[in-house]
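# I would like the atomic coordinates for the input below:
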Amino acid sequence: MERLYNDFFGCFGGKYVAEILRTPLDELKHEWLEAMKSKDFKGELDILLTEFAGRPTPLMYAENATKAAGGAKIYIKLEGLANTGAHKINNVLGQALLAKRMGKSRIIAETGAGQHGFATAAVCAKLGLECRVYMGEIDIKRQRPNVFWMELFGAEVEPVRGGAGTLKDAVNEALRDWSSSFETTHYLLGSALGPSPYPDMVREFQSVVGREVECEIKRRDLKVEALIACVGGGSNAIGFFYPFLNKKAPRLIGVEAGGTGNDPGEHASRMSGEGRPGIVHGYKSLFLLDDDGQVGSTHSISAGLDYPGIGPQLAYLGQTKRIEFTKISDSEALDAVQLFSKKEGIIFALESAHAGAEAIKFAESLSPEKSIIVNMSGRGDKDLFILAGILDKNRWYSFLEEEVKGNAG
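I've put the predicted structure just below:
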């Protein structure tokens with residue numbers, strides 16, 4: 001097991017920020033490391049993870065999907081059954097408790113798919129903290145249900161109209177806010193990236209997922225060939241993989257967004273050879289950059305994977321070959337949503353469906369005595385408008401039109 005705090009992972013990581021942010025980052029590192037030594041802090045976090053988040057989440061044998069694939073047994077870690085519908089709440093609870101311990105009264109966050117913002121708003125309501133969530137205007141349009149829930153919890157959702165109007169732009173705005181408000185405000189970053197200590201801290205709070213999986217593997221005596229997780233920034237993947245990083249097995253497979261093609265702007269795949277070393281959002285990693293070194297455009301049907309960079313530890317583990325990376329297209333992810341819905345009664349979030357699609361393909365190549373585990377990092381309620389607009393367009397649009405007319409009347 002790696003040590004709790006690393007700062008750098010090979011050449012990746014670090015803290016490349018304006019001088020004004022070095023003080024709050026140093027404070028955050030100190031307070032987090034002290035909190036992780038505190039029985040009271042960890043005890044309170046464990047209670048909230050159990051009673052509020054609903055941990056542990058189940059590990060389910062997907063018998064029907066296994067039969068459809070015709071190979072290895074497929075198991076699904078159902079993080080979508082956690083409160084607010086995704087793995088994001090694990091990290092949010094840890095950081096929000098830490099913010100209260102530090103005497104902060106205000107939380108800011110960024111969000112893409114909306115699940116991190118949703119979880120942050122819910123936890124702030126629970127703990128009595130003021131909450132503002134930065135979200136790109138494009139993501140607000142395609143994730144309207146999560147915006148509604150965030151505002152219902154009392155959060156202020158701030159549209160970000162600069163740049164491409166997606167996750168990277170929301171991160172920029174959150175960092176700007178924090179640079180002028182850190183005395184009273186904690187920036188609750190949602191993925192295992194950004195300036196140190198965020199990659200280490202987020203991984204640690206998300207490692208509860210991997211620890212539960214490790215226990216279930218031992219309890220059931222499973223012969224696990226591979227663990228498979230989708231990778232945007234990487235919080236669900238690094239938490240899922242963490243207990244296994246220093247072991248030779250099982251294989252660890254990260255799945256990126258293949259989008260609609262291989263040209264720039266058609267995908268968000270950094271580890272397939274397209275990513276270049278760069279420093280963005282305060283850390284060094286692999287990013288999709290243009291020939292001038294500027295952050296390039298990206299695409300994914302899933303807002304949570306539509307990010308130009310990858311967490312520094314995942315980049316390092318990809319370069320050292322401990323994690324294998326592949327990519328899944330928009331259409332393959334849509335097919336996986338439908339397969340798991342019809343075969344298992346489970347609606348994968350579009351992000352998680354990338355991992356689900358890879359799991360089906362990978363299972364087909366293995367014998368039936370082997371097992372694989374896929375992390376369903378979130379459920380697909382949030383994707384209703386996207387999925388219905390694609391899979392049931394005419395009836396969905398007719399329903400929406402009738403609803404608008406009825407409300408107008």
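# what's the following helix or strand after the strand or helix carrying Pro145?
Assigned by DSSP states H and E, Pro145 falls within helix 144-152. Proceeding N to C from helix 144-152, the next assigned helix or strand is strand 156-160, under DSSP H and E.
# would you agree Gly278 is in contact with Leu288?
No: using C-beta atoms under 8 Å, Gly278 is not in contact with Leu288, being 9.1 Å away. The C-beta positions use only the backbone N, C-alpha and C, and glycine is treated the same way.
# ok, the two, which is more surrounded?
Leu288 (23 against 17; other C-beta atoms under 10 Å).
# give the contact list for the more buried one.
Pro264, Ala268, Arg270, Glu274, Gly275, Arg276, Val295, Gly296, Thr298, Pro308, Gly309 (C-beta atoms under 8 Å, 6 or more residues apart in numbering).
# please apply the same query to Ala119.
Counted by C-beta under 8 Å, 6+ apart, Ala119 has contacts Thr84, Ala86, Lys88, Ile89, Val92.
# and the next helix or strand past the helix or strand hosting it?
Assigned by DSSP H and E, Ala119 falls within helix 115-127. Counting by DSSP H and E, the next helix or strand C-terminal to helix 115-127 is strand 130-136.
# outside of that next one, which residues touch it?
Contacts for strand 130-136 (C-beta under 8 Å, 6+ apart): 105-112, 114, 117, 120-121, 124-125, 143, 147, 150, 153-160, 163-167, 169-171, 173-174, 177.
# need phi/psi at the closest residue to Leu314 other than its chain neighbours.
With sequence-adjacent residues excluded and distances taken as C-beta to C-beta, 6 or more residues apart in numbering, Leu314 is closest to Gly234, at 4.5 Å. The phi/psi pair for Gly234 (degrees, to the nearest 10) reads phi 120, psi 10.
# run through the stretch 1-150 of the chain and note the low-pLDDT ranges.
1-2 (pLDDT under 70).
# which stretches of it form helices?
Secondary structure of the stretch 1-150 of the chain by DSSP state H, counting those that start in this stretch: the helices cover 19-35, 39-51, 63-69, 88-101, 115-127, 137-142, 144-152.
# next one: the stretch 151-300 of the chain
Under DSSP H, counting those that start in this stretch, the stretch 151-300 of the chain gives helices at 167-181, 198-220, 235-241.
# so which of the ones you listed gets nearest Glu51?
Evaluated with C-beta to C-beta, the helices of the stretch 151-300 of the chain place helix 198-220 nearest to Glu51, the distance being 14.4 Å.
# that older thread, now the contacts of Ala119 as a markdown table including distance to Glu344?
As requested, these are exported to a markdown table (distance: C-beta to C-beta, whole Å):
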| residue | distance to Glu344 |
| --- | --- |
| Thr84 | 21 |
| Ala86 | 18 |
| Lys88 | 22 |
| Ile89 | 23 |
| Val92 | 27 |
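# could I get the residues you listed as a markdown table with neighbour count and distance to Ala355?
Formatted as a markdown table, the entries for those read as follows, by neighbours: other C-beta atoms under 10 Å; distance: C-beta to C-beta, whole Å:
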| residue | neighbour count | distance to Ala355 |
| --- | --- | --- |
| Thr84 | 26 | 19 |
| Ala86 | 29 | 13 |
| Lys88 | 31 | 16 |
| Ile89 | 28 | 19 |
| Val92 | 28 | 21 |
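# done for today, thanks.
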